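Trainee: need a structure here:
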Amino acid sequence: MRIGTITVQNGNNYGASLQAFALIKYLRKNGWDAYLIDYRNQKIEDRLTEQSFITSWRGKNQIKKNIRIILSNAIWKTDRFVKEKNKAFSEFHKSIFDQSGGTLYDVSELKKLNSLYDAFICGSDQIWNKDITGLDDAFFLSFANSDKKRIAYAPSLGKESGAIVEEDYDIYRHKLRSIDFLSIREPNNKKFIETVTHRECCVVLDPVLLLDKQEWEEEILNVSPIIQKGYALYYPVINQPELEKYAIQKAREKGIKLFNPRLVPSYAKMKGYTAISSKPVGPIEFVKLIKESECIFTNSFHATVFSSIFNKELYVIKLKGKNKNRNNRIIEYLKMIGIRQSLIDTSDLIHIKDFESTMQWENVTERKKESVEYLKKSLDYNS
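Mentor: Numbers count the residues shown, from 1 in each chain. Predicted coordinates:
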């Protein structure tokens, strides 16, 4: 059986790339001929372009942003850094992309894939988060013919169900009709999906947890060290000055260096970071960084998951304001793995010093069993 998976992978985001890789790796390991479809969601493409390139000189805010881009390129060589980082992500994706399908930018182009695949899987990551993807039809498999197996594996809404506005209920109800087998990543979204579809929805693990610790260690075995050991890792998916300040302070108290893989090296030095990489960090190097770090400061779901896999001391400061809903992903994961409620809810700071002493791995083992059964049932149905 030939399987095409579709997810958000064009944002140069470590977690997004690694979950896409992990699902393909797991499917291939278990005998399925699986590939990642190289689909570029337009909303994400536009955001990346706006952040890094000059697109217009109209409006005062656009002019200010363009000036910042020009100065950043002149002083910090940001354009060169972005180009090299893009290359690192492209190289990582090569082994999982379906080269025959080409790069696709519109859902209508995806219809031709029906001649190449027997089944389609959408997921994981925040493909069903309106703020991220605009609820792109591609991530609801609208292009797949009814004779194909259409499966959702661990998509995320990126927020608690209560944060979804009422007018979006009918949109989800309509779009989810294209999918034969429904699953979700965050447990507190299960009821919402079942309410709008009147169908069963399974709760399954993020794909990175389909591979065990030993398998991830094998993947990074031959990866060259990015920086010397004896460092803390600060990785914000959302810029969070409060967490950055805290990370700098704690790293100084611990007497270790601090590294931020998102920053251009020369700019990182200016900001006071003391661990610097001479080249951009790709997705698999990111896993190595976590494995060899002393501790992690993050608001990233996947950095949190890898911290638990490699038993790293973790610091999370809950996001506030318009990004508050993003806390849901991390909190739901920590609850699922059995982290004590007191460590999660008592303050804005979540600090886990030792995962092995607090984590209930049997919860992960049981959920992995359920996740594997869900995939097998979905893919073997009427085959």
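
Trainee: strands along this structure, start to end?
Mentor: 2-6, 33-36, 119-122, 149-152, 183-184, 202-203, 231-235, 257-259, 295-298, 313-317, 349-352 (DSSP state E).

Trainee: quickly run through the sheet partners of the third one, with directions.
Mentor: Taking DSSP bridges as the criterion, strand 119-122 forms sheet pairs with strand 2-6 (parallel), strand 149-152 (parallel).

Trainee: if we can go back for a sec, of all the strands of the chain, which one is nearest residue 90?
Mentor: strand 33-36 (12.5 Å; C-beta to C-beta). From N, CA and C alone the C-beta is placed, and that goes for glycine too.

Trainee: which elements pack onto the closest one?
Mentor: Counting contacts by 3 or more C-beta pairs under 8 Å, 6 or more residues apart in numbering; DSSP states H and E, strand 33-36 packs against strand 2-6, helix 14-29.

Trainee: just the buried positions in the first one, please.
Mentor: Applying a neighbour-count criterion of 16 or more other C-beta atoms under 10 Å, one finds 3-6 buried in strand 2-6.

Trainee: what is the nearest of those residues to residue 93?
Mentor: Taking these together and measuring to residue 93 by C-beta to C-beta, the closest member is residue 5, at 12.1 Å.

Trainee: distance check, the closest one against residue 324.
Mentor: Relative to residue 324, residue 5 is positioned 30 Å away (C-beta to C-beta, to the nearest Å).

Trainee: returning to what we had before: for the strands paired with strand 119-122, which one sits closest to residue 114?
Mentor: Closest among those, using C-beta to C-beta: strand 2-6, at 9.5 Å.

Trainee: can I get the helices and strands packed on strand 33-36 in CSV with distance to residue 106?
Mentor: Output for these, formatted as CSV (distance: least, C-beta to C-beta, whole Å):
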stretch, distance to residue 106
strand 2-6, 13
helix 14-29, 20
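
Trainee: just name the most buried of those.
Mentor: helix 14-29 (a mean of 24; mean count of other C-beta atoms under 10 Å).

Trainee: check which helices and strands the biggest helix by length in the chain sits against.
Mentor: If you go by DSSP state H, the chain has its longest helix at helix 361-380. Contact here means 3+ C-beta pairs under 8 Å, 6+ apart; on that basis helix 361-380 packs against strand 149-152, strand 202-203, helix 327-336.

Trainee: comparing these, which comes out most buried?
Mentor: strand 149-152 (a mean of 24).

Trainee: for the chain, which residues score under the pLDDT cut-off?
Mentor: Within the chain, the stretches with pLDDT under 70 are 48-67, 69-70, 72, 74-76, 381-383.

Trainee: so which of the strands paired with strand 119-122 is nearest residue 319?
Mentor: Per C-beta to C-beta, nearest to residue 319 of the strands paired with strand 119-122: strand 149-152, 26.1 Å.

Trainee: what does that closest one contact?
Mentor: Contact partners of strand 149-152, identified using C-beta atoms under 8 Å, 6 or more residues apart in numbering, comprise 118-123, 141, 144, 178-184, 375, 378-379, 381.

Trainee: from those, list the buried ones, please.
Mentor: Using 16+ other C-beta under 10 Å, the buried ones in the contacts of strand 149-152 are 118-123, 141, 144, 178-184, 375, 378-379.

Trainee: circling back to that earlier point, wait, which of the strands of the chain is closest to residue 167?
Mentor: Set against residue 167 and scored by C-beta to C-beta, these come closest in strand 183-184, at 20.8 Å.

Trainee: centre of the chain versus the closest one, how much separation?
Mentor: When C-alpha coordinates are averaged (C-alpha atoms, centre = their mean, to the nearest Å), strand 183-184 and its chain have centres 16 Å apart.

Trainee: do stretch 208-223 as well
Mentor: On C-alpha atoms, centre = their mean, the centre of stretch 208-223 falls 17 Å from the chain's centre.

Trainee: re earlier: could you dump the helices and strands packed on helix 361-380 into JSON lines with distance to residue 282 added?
Mentor: Shown next, in JSON lines, are these (distance: least, C-beta to C-beta, whole Å):
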{"stretch": "strand 149-152", "distance to residue 282": "28"}
{"stretch": "strand 202-203", "distance to residue 282": "31"}
{"stretch": "helix 327-336", "distance to residue 282": "23"}
